[in-house]
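> Provided below for reference: sequence and predicted model.
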Amino acid sequence: MNFVTHLECANCGAHYPKDKPHQLCTSCQKPLWVKYDLAALKKNFTKKELIGRPPTIWRYLEMLPIEKPECIVSLVETITPILETKRLAAHFGVEHLFVKDESRLPTGSFKARGQALAISKAKEFGITKVAVPTAGNAGGAMAAYAARAGMEAWVFMPQDTPVINQKECWLAGAHTFLVNGLITDCGRIVGEGRKEKGWFDISTLKEPYRIEGKKTMGLELAEQFDWELPDVILYPTGGGTGLIGMWKAFAELEALGWLKSPKKPKMISCQSTGCAPIADAFAKGERFAKKFENAATVASGIRVPAAVGDFMIIDAVRESGGVALATPEADIPKWMKLANAQEGIALCPETAVCYGALEVLLKQGVIKPKDRILVFNTGAAQKYPEAVQEKLQHVDCTKPIEWGKI
Ligand SMILES: Cc1ncc(COP(=O)(O)O)c(C=O)c1O
Ligand SMILES: [Zn+2]
């Protein structure tokens, strides 16, 4: 059973019917929300329904926009574990520090959630050709789900996107192109290709369903914390779907009466000083962000100089009492190494930025040592060999081992 009523522009409030594919609002070119009949959902969907359902994102089916379950395109989107990180907690001097490890998902990042929903909905609508501009992981995930669905996929990425992202797209059969520009330039190409080649545009927030997939992060963590949300969530922000999706999840869970307390987490939108449009807009008290010039960061997933959902990210952060902030680009390898070496969890460079933010916000008193703090590991460290420049030592096995040097 599906409880979607309609789609609604996040900016001007225009309504759109649910039975057709949509991109941005046709009057103001801003993203659309998927709206549910929450009163009907509350009557028909209770926590008890979850008992015995498999541990995948589809256990929340009634809260998702699926009309035809037979069209679901899945690679088994597992519930990702939340690990307590006691060594890191000791390092930061806090009591409760957790990581939700999204690297366990198909294609090694949280992007699988959004693409599972976007491609499933595209299949429902009979769409056969999909295209996406990508910072890397969204392209890899879209290519995989399109392959699984038997769709034609077109992926455009900056030419300096991590090589593993380039290859995973090609391997999954996507027409993969390297562009001598940034993700915003790739987005323009995909936009033109919609008209020229008849592609459906799967860009972040330019279709309404990826965000519903990301919403499952919020649903899941609420269930994992027994419906008592953590005090703080640190999230690496590029296009912002993850953060916006989680905030939507919390609002919907509240409307269903599933949360034990109305207190919601402070949402911390974390960026690098190498690309910080949201942090800059937040600091200036603005709602719409200026394009960030000369964006450059080793955390490729958050190299998004202009986000179409900027106001949605900033609204969520403000409503939550959180902040958006950037920490030094140069510190990313340090945080990445610390977090990986302390805990053995394969934390990506995007997540490294969150630890920089945690240090600053603890000093500022925005985050308290007793808070329950959740950091999102959005992807697998293994996908970023370029982010680790360390040269390893060699051992010459043809000669006696010089133990003094080992
Ligand atoms: C590993 C990783 N983390 C974070 C992000 C940013 O995601 P969002 O669009 O939800 O802000 C991306 C986007 O590509 C990513 O690949
Ligand atoms: Zn609009």
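Perfect, thanks for sending it. Owing to the predicted nature of the structure, the values given are computational and were not obtained by experimental measurement. Ligands and ions are numbered 1, 2, ... in the order given.
> CA atoms for contacts and neighbours, from now on please.
Fine.
> OK, contacts around the one residue in the stretch 1-150 of the chain that gets nearest to ligand 1?
Across the stretch 1-150 of the chain, the shortest distance to ligand 1 (Cα to the nearest ligand atom) belongs to residue 137, at 4.5 Å. Neighbour list for residue 137: 107, 109, 111, 165, 301 [criterion: Cα atoms under 8 Å, 6 or more residues apart in numbering].
> again, only using 6 Å
By Cα atoms under 6 Å, 6 or more residues apart in numbering, the contact set of residue 137 is empty.
> if I look at it, how far off is residue 166?
9 Å (Cα to Cα, to the nearest Å).
> one step back: can you read off the pLDDT for the residue of the stretch 1-150 of the chain closest to ligand 1?
If you check residue 137, the pLDDT there is 97.
> likewise residue 389?
So, for residue 389, pLDDT stands at 85.
> and if you look at residue 177?
For residue 177, the model assigns a pLDDT of 98.
> and it, which of the three is it?
strand (DSSP: H, G, I helix; E, B strand; the rest coil).
> what residues are up against it?
residue 156.
> quickly list what it is bridged to.
Beta bridges link residue 177 to residue 156, judged by DSSP bridges.
> shaky segments in the chain?
Applying pLDDT under 70 to the chain flags residues 1.
> around ligand 2, pick out the residues from the stretch 201-350 of the chain.
On the criterion Cα under 5 Å from the ion, ligand 2 has no neighbours in the stretch 201-350 of the chain.
> report how many residues lie close to residue 47.
Counted with other Cα atoms under 10 Å, residues neighbouring residue 47 total 11.
> any idea how far the residue of the stretch 1-150 of the chain closest to ligand 1 is from residue 87?
In terms of Cα to Cα, residue 137 sits 29 Å off from residue 87.
> kindly report the same for residue 293.
Residue 293 is 37 Å from residue 87, by Cα to Cα.
> which residues are contacting stretch 30-47?
Contacts of stretch 30-47 (Cα under 6 Å, 6+ apart): 3, 4, 5, 6, 7, 8, 9, 10, 24, 205, 208, 256.
> and the contacts of the host helix or strand of residue 185?
Using DSSP states H and E, residue 185 sits in helix 183-197. For helix 183-197, contacts defined as Cα under 6 Å, 6+ apart pick out 133, 156.
> that one: what's the following helix or strand?
Defined by DSSP H and E, the subsequent element after helix 183-197 is strand 200-201.
> check which element follows that next one along the chain.
helix 210-224.
> OK, contacts around residue 159?
Here residue 159 is in contact with 178, 179, 180 (Cα under 6 Å, 6+ apart).
> centroid-nearest residue for the protein?
residue 242 (3.8 Å; Cα atoms, centre = their mean).
> can you tell me the SS state at it?
helix.
> ok, the nearest residue to it once chain neighbours are set aside to residue 83 distance?
Leaving aside its sequence neighbours, residue 242 sits nearest to residue 214 (Cα to Cα, 6 or more residues apart in numbering; 5.3 Å). Per Cα to Cα, residue 214 is found 20 Å from residue 83.
> swap in residue 213?
When residue 213 is compared with residue 83 (using Cα to Cα), they lie 22 Å apart.
> same deal with residue 127?
Counting by Cα to Cα, the gap from residue 127 to residue 83 is 38 Å.
> pick out the residue in the stretch 101-250 of the chain sitting closest to ligand 2.
In the stretch 101-250 of the chain, the residue that lies nearest ligand 2 is residue 206 (12.2 Å; Cα to the ion).
> ok so, going back, who wins on neighbours among the contacts of residue 159?
Busiest of these [other Cα under 10 Å] is residue 179, holding 17 neighbours.
> does it touch residue 158 like I think?
Yes: counting by Cα atoms under 6 Å, residue 158 is a contact partner of residue 179 at 4.8 Å.
> please identify which of residue 213 and residue 83 sits among more neighbours.
Per other Cα under 10 Å, whichever of residue 213 and residue 83 has more neighbours is residue 213, with 26 against 15.
> identify the residues contacting that one.
113, 114, 117.
> at 10 Å instead, please
Contacts for residue 213 were tallied using Cα atoms under 10 Å, 6 or more residues apart in numbering; they are 57-58, 64-65, 110-118, 241-242, 245-246.
> get me the contact residues on the protein for ligand 1.
Taking Cα under 6 Å from any ligand atom as the measure of proximity, the chain contacts ligand 1 at 135-138, 236-242, 301-302, 350, 378-379.
> and residue 40, helix, strand or coil?
helix.
> separation between it and residue 69?
Using Cα to Cα, residue 40 is found at 20 Å from residue 69.
> name the member of the residues of the chain next to ligand 1 with the most neighbours.
Comparing those by number of neighbours (other Cα under 10 Å), residue 237 comes first, having 32 neighbours.
> so it is in contact with residue 306, correct?
No: contact between residue 237 and residue 306 fails when scored by Cα atoms under 10 Å: they sit 11.5 Å apart.
> who touches both of the two?
By Cα under 10 Å, 6+ apart, the residues touching both residue 237 and residue 306 are 276, 277, 278.
> nearest residue to the second one in space, please, no chain neighbours.
So that's residue 277. residue 292 is the one closest to residue 277 (Cα to Cα, 6+ apart), at 5.3 Å.
> can you get me a residue count around residue 112?
As a burial measure, residue 112 scores 30 neighbours (other Cα under 10 Å).
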